[in-house]
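Chemist: what would the 3D arrangement of this be:
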Amino acid sequence: MQKTTTSIIIGVLIILGALLLFWPKPGVVPTPTQTASPVACTTEAKLCPDGSYVGRVGPNCEFAQCPNISTPTPTVGVTSDVTLAIGQTGDAGGVMITLNSITQDSRCPSDVECIQAGMVQANIRLVSGIYAETKILSSTEAPYAFRNYLVSISSVLPAKESKVQILPSQYRITFHVVPGPKVSALGERCGGNMQNPPVCATGLHCAPEPGSHLPFGDVGGICVKN
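Modeler: Predicted structure coming up:
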């Protein structure tokens, strides 16, 4: 009888302990278990600037990085003009031009009727990189090939009049520079079956190399002295 009573008391104590352990505390609300909600992605691929596609990575529908392809800057020819007085130097599209002097002015005066229009000749110095040249340039001649440029005179001021003398300090010459064919120096390659083949500098000519006249076209030659 005494053993039975002891067993009952022990059982009651175990039940009371379990109730105290698991009974909710006052003011404490059980936190529900959160489950991750699936994220719906709208599209599965993205078009990159180079024409390729990349897919999604990560849990938030981020796209993978597009290939890092740099876009080359197109090369554009430069056309430039510079107006100079005697003694001045200016940059025209990559060519430094110095107007040294006016060597001739045979222009027809604006108040006189002439058979020929005449011309102005200017002594100039051209510099591009390590290359330099002094030349007499005429206002009526074709553009002069200097290295990779074509240089010409586009205008001469003031206009000539029969009864007015133009002082050297009054001249204003405008030079026009455009990209031209590559001008090769002594020993450099020239000619060839290509677009805008290189030409030889003044005082040189293009001498064909052996085997240059092949069935599939001319492969060019080397600049040699005249």
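Chemist: not including adjacent chain positions, what is the nearest residue to Gln116?
Modeler: Nearest residue to Gln116 in three dimensions, chain neighbours excluded: Cys108, at 6.8 Å (C-beta to C-beta, 6 or more residues apart in numbering). For glycine as for every other residue, the C-beta is placed from the backbone atoms N, C-alpha and C.
Chemist: the one you found belongs to a strand?
Modeler: No. Counting by DSSP: H, G, I helix; E, B strand; the rest coil, Cys108 is not part of a strand but coil.
Chemist: count of residues packed around it?
Modeler: For Cys108, the neighbour count with other C-beta atoms under 10 Å is 15.
Chemist: also Val164?
Modeler: Val164 has 12 nearby residues by other C-beta under 10 Å.
Chemist: and it, how close does it get to Asp111?
Modeler: Distance, Val164 to Asp111, by C-beta to C-beta, to the nearest Å: 9 Å.
Chemist: Ala145 now?
Modeler: Distance of Ala145 to Asp111, given as C-beta to C-beta: 36 Å.
Chemist: which one of these two is surrounded by more residues?
Modeler: Taking neighbours as other C-beta under 10 Å, Ala145 and Asp111 compare with Ala145 leading, 17 against 11.
Chemist: grab the nearest non-local neighbour of Asp91.
Modeler: That would be Val82: by C-beta to C-beta, 6+ apart, it lies 6.7 Å from Asp91.
Chemist: I'd assumed Thr98 was in contact with that neighbour.
Modeler: No. Val82 is beyond contact range of Thr98, at 10.6 Å (criterion: C-beta atoms under 8 Å).
Chemist: what's the single longest strand in this protein?
Modeler: Ordering each strand of the chain by length in residues (DSSP state E) puts strand 95-105 first.
Chemist: give me the buried positions along that strand.
Modeler: In terms of neighbour count (16 or more other C-beta atoms under 10 Å), strand 95-105 has its buried residues at Val95, Ile97, Thr98, Leu99, Ile102.
Chemist: other SSEs contacting the host helix or strand of Phe175?
Modeler: Here Phe175 sits within strand 172-179, counting by DSSP states H and E. Using 3 or more C-beta pairs under 8 Å, 6 or more residues apart in numbering; DSSP states H and E as the contact test, the elements touching strand 172-179 are strand 80-84, strand 89-92, strand 95-105, strand 120-128, strand 149-157.
Chemist: just say which of these is most tucked in.
Modeler: Comparing the helices and strands packed on strand 172-179 by mean neighbour count (mean count of other C-beta atoms under 10 Å), strand 120-128 ranks first with a mean of 19.
Chemist: please parse this protein into its domains.
Modeler: Following automatic domain parsing, one gets these domains for the chain: 80-178, 184-225.
Chemist: mean pLDDT lowest for which of these?
Modeler: Note on these: domain 184-225 shows the lowest mean pLDDT, a mean of 75.
Chemist: Leu13 in helix, strand or coil?
Modeler: Three-state assignment for Leu13 (three-state DSSP): helix.
Chemist: residues near it, how many?
Modeler: Leu13: 10 neighbours (other C-beta under 10 Å).
Chemist: what's the spacing between it and Glu188?
Modeler: Taking C-beta to C-beta, one finds Leu13 at 109 Å from Glu188.
Chemist: equivalent analysis for Gly90, please.
Modeler: 28 Å.
Chemist: again with Val224
Modeler: Where Glu188 is concerned, Val224 sits at a distance of 10 Å (C-beta to C-beta).
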